[in-house]
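Visitor: what follows is a predicted protein model with its sequence.
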Amino acid sequence: MDAFTAIVRFLQEGGAFMYPIILILAVGLAIAVERYLYLTSIKNKNKKVWQALMPQLKSGAYDKAANIVVKSKTAMASIVAYGLARLQTSQHRDDIETAMEEGLMEAIPKIEKRTHYLATLANIATLMGLLGTIIGLIQAFTAVAQADPAQKADLLSSSISIAMNTTAFGLIVAIPLLLMHAFLQTKTTDIIDNLEMASVKILNIITTNARRSAANKRPQ
């Protein structure tokens, strides 16, 4: 209870700028939780689609592979769908690669969506804290100038202490948001790298199958 009371007093003494910083914290936490759940979900779903697709692609059963990607809305399925669609009109590696890159470019913005807001919110929280402190110091010096000379030192010390609360709270909010941003950015990069690696592997499989099929059709 004492800790709760101390926190409430700390927020109250910080003044009006504490409330925007609290709002920034709430928005940042909401974004971080949503992105973490989304990225974790998409990573698991991509893995399942990959495991289902590989046997079909290696065996050249593109119709079955197409049925798998049609039923899935994952980034992995979208990329493969572009490649299989282009395969129906051209078996050139460059054409298929271009189509899969198009699918990857379409998927990446959805994966990276909103994560960068965390760094922006962290910067805003820091700046709001500094602004609150500066305004608090201005008000403190204004009040001290009109106070009794005997009370000036105590009043100034108390006012500065209160004014620094906003900077402290701004940093308390900004540091976790920056850490969450770094964590989610790493998770996002890992997913994109996996998609790029999977695209290359799938492209190699399709190309190998095409060459094998062409070799089998040649007269002996």
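Guide: Perfect, thanks for sending it.

Visitor: in this protein, which residue is closest to the centre?
Guide: T115 (2.7 Å; Cα atoms, centre = their mean).

Visitor: where does the residue nearest to that one when sequence neighbours are not counted land on pLDDT?
Guide: Leaving aside its sequence neighbours, T115 sits nearest to L184 (Cβ to Cβ, 6 or more residues apart in numbering; 4.9 Å). To be clear about C-beta, it is placed using only N, CA and C from the backbone, and glycine gets the same treatment. Here the pLDDT value assigned to L184 is 96.

Visitor: for the helix ranked longest in the chain, packing partners?
Guide: Longest helix in the chain by number of residues, with DSSP state H as the criterion: helix 152-217. Secondary structure elements in contact with helix 152-217, counted by 3 or more Cβ pairs under 8 Å, 6 or more residues apart in numbering; DSSP states H and E, are helix 2-14, helix 18-58, helix 75-87, helix 93-112, helix 117-145.

Visitor: one more time with 6 Å
Guide: If you count contacts as 3 or more Cβ pairs under 6 Å, 6 or more residues apart in numbering; DSSP states H and E, helix 152-217 packs onto helix 2-14, helix 18-58, helix 93-112, helix 117-145.

Visitor: and the residue nearest to T115, how close does it get to T142?
Guide: Between L184 and T142 the distance is 43 Å, computed by Cβ to Cβ, to the nearest Å.

Visitor: how about L203?
Guide: Taking Cβ to Cβ, one finds L203 at 69 Å from T142.

Visitor: the more surrounded of the two?
Guide: L203 (17 against 11; other Cβ atoms under 10 Å).

Visitor: that one - nearest residue in space that isn't next to it in sequence?
Guide: In space, L203 is closest to E97, 5.6 Å off (Cβ to Cβ, 6+ apart).

Visitor: re earlier: contacts only, for the residue nearest to the centre of the chain.
Guide: T115 sits next to R35, L184, T188 when contact means Cβ atoms under 6 Å, 6 or more residues apart in numbering.

Visitor: hmm, try it at 7 Å
Guide: R35, H181, L184, Q185, T188 (Cβ atoms under 7 Å, 6 or more residues apart in numbering).
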